[in-house]
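Visitor: structure of the sequence below:
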Amino acid sequence: MAGGKGSRARNQPNHGSNTKGRLLNRGGSIREMGRKERTWRSGRRMQEDDLCGEILHQVDDKCQHVMDNCLGEQEGLMDYLKFYYCDMHGKQPLAIVVISLIALVSLYVLATTADNFFCPTLTDLSHRMGLSPNLTGAILLPIGVGAADLFTYFVAFSEGETAISFGAVFGATSFVTALVMGCVVLIAGPTQVAPHNFVRNAGTLVLSALLALMLLLLGKIYVWNAFVNISVYICFVSVALFMSRGQALQHEQDSDLDQESSINKEAEAKPLLNGPKRERDIRNGHEEEAAPATEEEHVEEIDDVDESILYQKEWEAFSPEEPSLGIAASFYARKWQKEFGEQRALGKLLTVVFFPIEIVRRMTIPSPEITHWNKIFGTLNLIFSPVVALSLIGELVPLDAPLLVIGPTSIPLIAGLLLQTTVAASLLFKKMSYKHLPTFQWYLSVIGFWCCIRWLSMAAEEVMFCLASLGTIAAIPGQFLGATVIAWGNSIGDFVANVALAKNGDAQIALAACFASPAFNLLIGLGLPMLKTTVSTFPNPILLDPEKTVLVSGGITIGTIAIIFCVVVFSGFQFTRTVAIFGIVAFGIQTVVNVALTL
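Guide: As a prediction, this is how the structure comes out:
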């Protein structure tokens, strides 16, 4: 532990919030406060003196050792090491089963949240904002996924964990750009990308990684370094928006020219079909009579009928008028029974087992699809979803922080927020319909996007804590866990989200995010905390003393991105199977190197 404390002292020369931050994390009033900071410190402890690894297995009273040295270091729904060595003493095989089941449930929640909630919400939000797939992956998705980590970096910098923050970002960059990219391409198949969009995204990522590595090599961070990071990202977003606007205008012009050319060709081919009037109507873009559709066209037209129209017709057949609560409940029950009956045996079993989790998700994540709209859940979304979304910044704004103090008692922030959302939901309940999406669906889509990010983040953290605890229990070297499970933990959500997008046919969004999300973390995730900290220590810089592992990881990451960039360019700006395999292999090599350096 001496090495860890010394590093913190060197990284934080001139501000005294270290003790305060640590006390806040240790004795904070909510569990979510500082979970990722404890994760990073757990990984660092594993790489230094392995108090919760090999030493743990050498002592006789393991429960007391865990209580003295490991409590809170691998905390999820419960403190798994305490649960195994203390609470389940004498029943430890059962404890292994429980921890494994929690990990499996968390993985299932990750996958189903990404497939059933995140992908539809992201698609709906991008349509409402008029964003192209590339722009969605380059700006909207990185901001959403990166926001959860941004507030974590603020706390980490305030505690002087700057070097660990850089190491975590480099690890996440390699994980997303190499491994996740490879999995996306293998799932979606060879994918062609627009040259200018790819050069913009990948070029910005290389520049941001070089800036971060330069800071580590210099060992100092000044205020102007933070401004450079933030300015580069502002330029990136501005260029992306400008390019998207230009592409949209060019697409409109090309569409108009194609339509005009098609009309002219049709008019020239049949100038005397029905006399001069028909020719003039065709040239003016009007068609009074249409040829009968073929059987194939008719079948295709039926297949293309919007599901929302069928859903509306189903409602009209069940209840022509606006239904009462009882009639609506009967409709929803019949619909659920029909969907349940169409499932296979395994699907029915999973539906029953995870029914409580599904109810909680429906209560906290609004659905943007009319076929999943439910006025009852929509009302509950208005009450609980803002609380879930706000918990993303729980490290900065604890939900149980006192909002109003009256004598010896205090009203927490969450109580005041729930009171406001309940009043708002009560007022809007009568204006909502059981049959149609509400007029404020845009608000539910925005809140739903952040709620999906929160669910993905919580489930990913739980998987990471379970795996790290099982590794410690199995006496796997702490250095190995610190360089693998702990380092990858914050990127599991990115992996699941991008893979789900690829399976959903949105490979363009996923591939853009594979480069834009790490760039956001390197430029804004580090830039804003750097700005806040350097301003507080001005004119003195933040001093860095990075470990060799961080420097090597940064160098390998930059090299991997550069090679992927060149291969994609020489492949005609197509992500091929070769690129995917290279990314996965490169990530494996970097992991082996990191583990070797820590052992």
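Visitor: from now on I want contacts and neighbour counts done on CA atoms only, so please keep to that.
Guide: Fine.
Visitor: the spatially closest residue to residue 431 that is not a sequence neighbour: neighbour count?
Guide: Among residues not flanking residue 431 along the chain, residue 438 sits closest, at 8.0 Å (C-alpha to C-alpha, 6 or more residues apart in numbering). Residue 438 has 19 neighbouring residues, counting by other C-alpha atoms under 10 Å.
Visitor: which helix or which strand is home to the spatially closest residue to residue 491 that is not a sequence neighbour?
Guide: Of all residues not flanking residue 491 in the chain, residue 172 sits nearest, at 5.8 Å (C-alpha to C-alpha, 6+ apart). Under the criterion of DSSP states H and E, residue 172 resides in helix 162-174.
Visitor: centre of the chain versus that helix, how much separation?
Guide: Helix 162-174 has its C-alpha centroid displaced from the chain centroid by 17 Å (C-alpha atoms, centre = their mean, to the nearest Å).
Visitor: helices or strands next to it in the packing?
Guide: Contact analysis of helix 162-174 by 3 or more C-alpha pairs under 8 Å, 6 or more residues apart in numbering; DSSP states H and E lists helix 141-158, helix 195-218, helix 485-488, helix 507-520, helix 548-570 as its packing neighbours.
Visitor: out of those, which is the most enclosed?
Guide: Sort the helices and strands packed on helix 162-174 by mean neighbour count, taking mean count of other C-alpha atoms under 10 Å, and helix 507-520 sits at the top with a mean of 28.
Visitor: the helix or strand just after it - what's its average pLDDT?
Guide: Sequence order places helix 527-537 as the next helix or strand after helix 507-520, per DSSP H and E. Across helix 527-537, the average pLDDT comes to 88.
Visitor: just the buried residues of helix 527-537, please?
Guide: The neighbour-count check on helix 527-537 (16 or more other C-alpha atoms under 10 Å) flags 527-531, 533-534, 537 as buried.
Visitor: just to revisit the earlier point, and the gap between the residue nearest to residue 431 and residue 369?
Guide: 11 Å (C-alpha to C-alpha, to the nearest Å).
Visitor: related to what we said a few turns ago, would you list the helices and strands packed on helix 162-174 in CSV and tack on mean pLDDT and distance to residue 452?
Guide: Below are the helices and strands packed on helix 162-174 laid out as CSV (pLDDT from 0 to 100; distance: least, C-alpha to C-alpha, whole Å):
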stretch, mean pLDDT, distance to residue 452
helix 141-158, 74, 9
helix 195-218, 92, 25
helix 485-488, 66, 20
helix 507-520, 91, 16
helix 548-570, 90, 29
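Visitor: of all those helices, which one is nearest residue 332?
Guide: helix 141-158 (31.8 Å; C-alpha to C-alpha).
Visitor: show me what whichever strand or helix holds residue 593 is packed against.
Guide: If you go by DSSP H and E, residue 593 is part of helix 577-598. Helices and strands touching helix 577-598, by 3+ C-alpha pairs under 8 Å, 6+ apart, are helix 181-188, helix 478-483, helix 548-570.
Visitor: let me see the contact set for residue 192.
Guide: 573-575 (C-alpha atoms under 8 Å, 6 or more residues apart in numbering).
Visitor: returning to what we had before: can I get the helices and strands packed on helix 162-174 in TSV with distance to residue 117?
Guide: Shown next, in TSV, are those (distance: least, C-alpha to C-alpha, whole Å):
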stretch	distance to residue 117
helix 141-158	14
helix 195-218	26
helix 485-488	23
helix 507-520	16
helix 548-570	31
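Visitor: based on its surroundings, how many neighbours for residue 402?
Guide: 15.
Visitor: going forward can the numbers begin at 855, since that is how I track them
Guide: With the count now opening at 855, the last piece we talked about shows up as residue 1256.
Visitor: contact partners for it?
Guide: By C-alpha under 8 Å, 6+ apart, the neighbours of residue 1256 are 1264-1267.
Visitor: surely residue 1388 meets residue 1076?
Guide: Yes. Assessed by C-alpha atoms under 8 Å, residue 1388 is found in contact with residue 1076 at 6.1 Å.
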